[in-house]
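Asker: sequence first, predicted model second:
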2 protein chains.
Amino acid sequence: MTKKSIQKHHKVTFLPFGISIEVPARTKILEAVKKAGLPLNAACGGEGTCGECRIRIKSGNFEAKTSGVLSTQLLSEGYALACQTHIIDDLVIVIPDYQERSVRSVLGSEFFEKQKNNISGVFEHNPAVRILELELPSPTLEDNYSDLKILEREFQKATGKHKLSCTYSVLLKLGQAVRAQKGHIQVIYIYDSDQTTILDVLPAEAEKKLLGLACDIGTSTVALHLVDLKTGRIKSTSSSLNQQIKCGEDIISRINYAQKPGGLGELQELIVRTINLLIESASQKAHLSPSDIYYASFTGNTTMMHLLLRLEPRYIREEPYVPTFNDLPILDAKDLGLNMNPEAKIHISPAVGSYVGGDITAGLLCTPILRDAEKIALFIDAGTNGELAVGNREWLMTCACSAGPAFEGTGIACGMPASEGAIEKVTLDESGELSYKVIGGEKPKGVCGSGLVDLLAELLIHGYIDRHGKFKEINTNPRIVDSDEGLAFVIIEGKKSFWGTDILLPERDIADLIRTKGAIYSACSLLLKNVGLRFETIDSFYISGGFGQYLNIENAVRIGLLPDLERYRFHYIGNSSLLGAYLILLSDKNKNLTNSIAKKTTYVELNTEPSYMNEFTGSLFLPHTDINQFPSVKKIFNQNKH
Amino acid sequence: MTKKSIQKHHKVTFLPFGISIEVPARTKILEAVKKAGLPLNAACGGEGTCGECRIRIKSGNFEAKTSGVLSTQLLSEGYALACQTHIIDDLVIVIPDYQERSVRSVLGSEFFEKQKNNISGVFEHNPAVRILELELPSPTLEDNYSDLKILEREFQKATGKHKLSCTYSVLLKLGQAVRAQKGHIQVIYIYDSDQTTILDVLPAEAEKKLLGLACDIGTSTVALHLVDLKTGRIKSTSSSLNQQIKCGEDIISRINYAQKPGGLGELQELIVRTINLLIESASQKAHLSPSDIYYASFTGNTTMMHLLLRLEPRYIREEPYVPTFNDLPILDAKDLGLNMNPEAKIHISPAVGSYVGGDITAGLLCTPILRDAEKIALFIDAGTNGELAVGNREWLMTCACSAGPAFEGTGIACGMPASEGAIEKVTLDESGELSYKVIGGEKPKGVCGSGLVDLLAELLIHGYIDRHGKFKEINTNPRIVDSDEGLAFVIIEGKKSFWGTDILLPERDIADLIRTKGAIYSACSLLLKNVGLRFETIDSFYISGGFGQYLNIENAVRIGLLPDLERYRFHYIGNSSLLGAYLILLSDKNKNLTNSIAKKTTYVELNTEPSYMNEFTGSLFLPHTDINQFPSVKKIFNQNKH
């Protein structure tokens, strides 16, 4: 006991979260990371061999075991393996951005520059949560109404809103707030349906920030924008793996996990922790405080939304597939343990049903589909759970398919999200020379979705792989090696990579990418057949997903992810669920729009279609078993044979 | 350290609260009581001399220091002083009902039997919180709306109520609740204005209780009814001292205390603890569970209501006397830490202003004042803070005065509330023989308000005291003794009293009673002058307060508490604030009625009246300096002189 009381402790601060903890001297950094509740993987179980727990030590002394996993250059830059390093000093440690996925806003993308006029209405700045300055008259002996009555009277005069209430915390502050500046106050309120609720009241002196949060909860990736509600501007963006991923990679395995004792609670804690860390990190970046967040808009599939709310998800997958809710009134952030202002309200984007969630109704906001009464469009959300919608202003049909997270960079050895260090474009020339573009311009760390599409197409077109996705020149091509992961294509040699080790695309990951693109293509095909349409009758295709900022449409057609039509019909719109969440935050009218989308949409169950397996199996080739569906690719194949 | 770990502990259970704690052997009972957070006074500081910390040990061995304070009989019945007794065994201890003030319902009183028809409308059973059984249709693949949508649809069909929302906890339970009995469920909801909120949803199998709480928070005494909302019947009643009393006896001292660092928080914790203990005790008595309480109606003066909500009360007493609120929307019980169902809602009776609170608007519900357009009535609430209202259906004027808690049995040596053991009626005959009636019929413990009024009148009429309240026959009358408390009248000799010690009325307490009655009478007189009326023009007087079940009107006139008019004009209605709280619980229409009372009432500030001091000073005699205002008393005096 006495020994313990004199044991030395050190302070460890983790960036970009700004979280500090005290730990006993000689604690391993990996243990300290866990104690701080931060996410860091160590697939090898802390043996120092997988290299996944790489961190960078910004200041302070440490004691690391030598290991061949990190290059000399990385070691010289302060990189270390968290599982092999002991804390012997106060440290400032950066959890690297491999975990911190920086999502680029789709707002600046080529598509949006072109289409902004078409869907400009949704960019109107008309948020549900606002701030209002009021000058309350000083009470006198003759006019000594209560503080609350005077506030209500003046608020109603200023806004014309009459169905007014306030939260308990406003009552707690009111007496002092109205007297601090002689009645000069700021009021933060939310207008929902015809009911107005005052969320906060402050003396006018404070330069009050009013922030909102737009958050897309994907099965694999969670991304959010921190938004200035006064201007509508995005102040910062953060994204990371959904920490629930350790409980299962897809929706079905999460639903199964929720059935275990304590499983549902654990899943909810993991998603809340993921979101709270992202809020912390986005706030730090923008020098803002989470306590100024008063409103959050959440999008995600039906299961993710149920897990966020700690609602039993099993009925979603049991016939007749009934979720607890599709649409909900505004909820209180504090009920969920989210790190915002204690009075913050949250909006959950309405779902169509168990398998088409609020990510799709919000995503459809970002397309002009609802503005056209004649032309028919197809919306493709290529997430871990793939969802599709076809229709126009008059009608909408949707379906879901289990696509997998490959294009988000998960489950693929070299895969990573579209953040700094990711290869986002790849070309191979005739001589086998590989050119690439890295986000941020430094040494590559891995390949994001758009780079994987490019790579697959280039390998196919240049004959490295056959139409089954198998390597052809096993013994002759020096880029095809027999690695620990099996046969693999060397994308980047170790000396040119950030981590100092080869960046590889193994054959088995190619199979994974083919399954993913096949699931999406066959679902599109089946959905169209179901409504009596063909690909050719679709005027526009809107493709959404975590590929990155760009998606090479030509290559997406070549691998058979998209049908072989005129390229102008295709529009890549990035993470439409996140953009939709932002649009709902930006204007309350968009909230109502998503409700009308959810109401008019019909869900089609593809799993019960007898032809589903045939369609899917046909798609497990590059580009397809039926090469005649892809005449432009057939033409290249024929040219290359000459 | 090792010694501690093997130290013996004992379990101590306190009745009627049913609270158990573990304490180390040889702990004093007084310390254990404090550890359990229960109220028990020891005015002598634990010296074993005041006897206030008397408790009764129901089972288990204990070790008590001998002390002369308790009679042999009490000791034989298990009574002990908590400050002088060590715990050496597992104990079951009764905190005596000196603290636990049993309030008799006014419902059975003579007045109500007569007047019930006049105010029968307010007894309608039409509560805001109700329970509804529903049979939800089973979803199918074709009709697989969400659980929430089906609930809303069927609820709206059954009730016609369309503006519907539900709490987060309902969402959490919904999936399992609708499936447990194949869609056969019970729904608990509150209807407020035009908005309905579902508070709970349960499988239909459970025999669900639906309870409400009516609670009057007085400056000195807190009283509550536990009510079956399904039938409207009162299931049990509890009352006790307001534990805030240790921070000051009247409103002004509480407001001052709230200004100290931590003072406001402490006051709120004390009132919540007081209420929670009463809820516990009322629930135990009725074999009901606090978790079935879904709605509570609170009444009390403006300061008490501010302290309950932890709202800064200082502006109430600073010019221009502006409270934070007069009326409030429905609040959440969980925000206040009240021991009810986590989703319980609370209603705070609307106040007129800083010094006329929701106790008066609720109290006025219990009188026919609002039903008569011609006759004028005066309503007197003789609490620690006295409040008055005069008027009829057309107009109402109110004022407040600082009366003091003497008639509630506080601050008077022999005083006690109208609970078991209290002398509620007293008569003296010509020979000096004193007859009395004890609540419960056992040996007397003290005297409640109605008994004190009787006693004062009898001492005056029979010449024991003069019109200043001073003893006349100091050396000749054996009942007038020189006690530790100064000159005092022996009401009950030790051998006949429950505690084994004399029950005394000291001269200084007579002065206190005179100040209290004087404050009320002078305030009535001044209020009437203010509106250009005289006592004679008042048709009916409704007297409310904590006197007990009865108030001898004849004696109340004799001491000058009430004016000397025909006795039929006076109606004693008991604790009208508590009854009003119950009526609001019983019918939502009564809630609206109190709002209209609050709106139509005008407040008159008496403290700024120049003639206030004259009126008050004139009332500090028995019955008054101006005996001609009391002809019937004058007549008795003249008779007695003969």
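Answerer: Right, received. Where do you want to start? If you're wondering where the values come from, they're calculated on a predicted model, not measured in any experiment.
Asker: state the helix or strand in which A:A389 lies.
Answerer: Using DSSP states H and E, A:A389 falls within strand A:385-391.
Asker: that strand pairs with which strands, and in what direction?
Answerer: Using DSSP bridges, strand A:385-391 pairs in its sheet with strand A:377-382 (antiparallel), strand A:396-402 (antiparallel).
Asker: run through the stretch 201-350 of chain A and note the low-pLDDT ranges.
Answerer: For the stretch 201-350 of chain A, no stretch has pLDDT under 70.
Asker: so which residues of it form helices?
Answerer: A:251-259, A:263-286, A:302-308, A:314-317 (DSSP state H, counting those that start in this stretch).
Asker: who in the stretch 251-400 of chain A is up against chain B?
Answerer: Residues of the stretch 251-400 of chain A lying close to chain B (C-beta under 8 Å from any C-beta of the partner chain) are A:309-312, A:314-315, A:319-326, A:328-329, A:331-332, A:335, A:353-354. The way it works is simple: take the backbone N, C-alpha and C, and place the C-beta from them, glycine included.
Asker: circling back to that earlier point, most tightly packed of the strands paired with strand A:385-391?
Answerer: strand A:377-382 (a mean of 26; mean count of other C-beta atoms under 10 Å in any protein chain shown).
Asker: restricting to C-alpha, output that strand in PDB.
Answerer: Provided in PDB are the C-alpha atoms of strand A:377-382 (Å, rounded to 0.1, in the frame of the first residue of the first chain):
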ATOM      1  CA  ALA A 377     -33.400   8.600 -62.100                       C
ATOM      2  CA  LEU A 378     -31.600   5.800 -60.100                       C
ATOM      3  CA  PHE A 379     -29.900   6.600 -56.800                       C
ATOM      4  CA  ILE A 380     -27.200   4.200 -55.700                       C
ATOM      5  CA  ASP A 381     -25.800   4.400 -52.100                       C
ATOM      6  CA  ALA A 382     -22.900   2.000 -52.100                       C
END
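Asker: what pLDDT, on average, does it get?
Answerer: Mean pLDDT, computed over strand A:377-382, is 95.
Asker: what of stretch A:145-152?
Answerer: 94.
Asker: that one near chain B anywhere?
Answerer: Yes: under the criterion of C-beta under 8 Å from any C-beta, chain B is reached by stretch A:145-152 at A:145-149.
Asker: of the residues you listed - the most surrounded one?
Answerer: A:D147 (26 neighbours; other C-beta atoms under 10 Å in any protein chain shown).
Asker: now do the helices in the stretch 501-642 of chain A.
Answerer: A:507-530, A:553-558, A:576-586, A:588-600, A:612-618, A:631-641.
Asker: quick check, nearest of the residues of stretch A:145-152 next to chain B to B:T167?
Answerer: A:L148 (23.8 Å; C-beta to C-beta).
Asker: report the contact partners of that closest one.
Answerer: A:166, A:171, A:174, B:324-326, B:328 (C-beta atoms under 8 Å, 6 or more residues apart in numbering or on different chains).
Asker: now swap in A:N326 and tell me
Answerer: A:302, A:350-353, A:598, B:145-146, B:148-149.
Asker: now stretch A:18-32: mean pLDDT?
Answerer: On average, stretch A:18-32 scores 89.
Asker: got the buried residues for that stretch?
Answerer: A:19, A:21, A:23, A:27-32 (16 or more other C-beta atoms under 10 Å in any protein chain shown).
Asker: between the two ends of that stretch, how far is it?
Answerer: End-to-end distance of stretch A:18-32 (C-alpha to C-alpha, to the nearest Å): 14 Å.
Asker: kindly report the same for stretch A:578-593.
Answerer: End-to-end distance (C-alpha to C-alpha), stretch A:578-593: 16 Å.
Asker: next one: stretch A:245-265
Answerer: The first and final residues of stretch A:245-265 sit 15 Å from each other (C-alpha to C-alpha).
Asker: before we move on, back to that, among the contacts of A:N326, name the ones in helices.
Answerer: A:302, A:598, B:148-149 (DSSP state H).
Asker: ok, the residue nearest to A:P39 when sequence neighbours are not counted - contacts?
Answerer: Distances taken as C-beta to C-beta, 6 or more residues apart in numbering or on different chains put A:Q243 closest to A:P39, at 5.4 Å, once the chain neighbours are dropped. Neighbour list for A:Q243: A:39, A:270-271, A:273-274 [criterion: C-beta under 8 Å, 6+ apart].
Asker: just the strands in the stretch 201-350 of chain A please.
Answerer: A:211-217, A:221-228, A:233-241, A:293-300, A:331-332, A:345-348 (DSSP state E, counting those that start in this stretch).
Asker: one more: the stretch 351-500 of chain A?
Answerer: A:377-382, A:385-391, A:396-402, A:422-428, A:434-438, A:446-447, A:480-483, A:486-492.
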